[in-house]
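*Asks:* coordinates for the following, if possible.
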Amino acid sequence: MSTTTVQRIHDLLDAVLQETTDEEARFKLRTAIQLLEAIEENHGRANEVLDDLELAPETRDRLLELGYLE
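*Replies:* Numbers count the residues shown, from 1 in each chain. Model prediction:
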């Protein structure tokens, strides 16, 4: 299974979080990870809505190309 961009960013942030001892930096990294998870959740919900729509084939193809549909 391929890694998504969001998952790769999450992994990178988590790796830095594990390496740092600065509490302010750790707080910022945890916050960034939480925001990234919220974005991923919203993207998933948007994908579900788009999947349920009856789109013209050209529109569906374009959304697939742009990464809005999986």
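
*Asks:* show me which residues of the helix or strand bottoming out on mean pLDDT in the chain are buried.
*Replies:* Least confident helix or strand of the chain, by mean pLDDT, DSSP states H and E, is helix 57-66 with a mean of 86. Neighbour counts over helix 57-66 (16 or more other C-beta atoms under 10 Å) mark R60, L63 as buried. All C-beta atoms are positioned from the backbone trio N, CA, C, and that covers glycine.

*Asks:* next one: stretch 9-19
*Replies:* I9, H10, L13, L17.

*Asks:* who touches that stretch?
*Replies:* Stretch 9-19 is contacted from outside by T3, R26, L29, R30, A32, I33, L36, E37, using C-beta atoms under 8 Å, 6 or more residues apart in numbering.

*Asks:* quick check: V6 vs L53, distance?
*Replies:* 23 Å (C-beta to C-beta, to the nearest Å).

*Asks:* so for the two, which residue has more residues nearby?
*Replies:* Neighbours per residue (other C-beta atoms under 10 Å) separate V6 from L53, with V6 holding more: 13 against 10.

*Asks:* circling back: what two of the contacts of stretch 9-19 are the furthest from one another?
*Replies:* Pairwise distances across the contacts of stretch 9-19 (C-beta to C-beta) peak at 23.9 Å, for the pair T3 and R26.

*Asks:* which of the two has more neighbours?
*Replies:* Counted by other C-beta under 10 Å, T3 and R26 do not tie: R26 has more neighbours, with 14 against 10.

*Asks:* surely that one and A32 touch.
*Replies:* No - if you go by C-beta atoms under 8 Å, R26 and A32 don't touch, sitting 10.7 Å apart.

*Asks:* number of nearby residues for A25?
*Replies:* A25 sits with 13 neighbouring residues when counted by other C-beta under 10 Å.

*Asks:* check T31 too.
*Replies:* 11.

*Asks:* using the three-state scheme, assign it.
*Replies:* Classification of T31 using DSSP: H, G, I helix; E, B strand; the rest coil returns helix.
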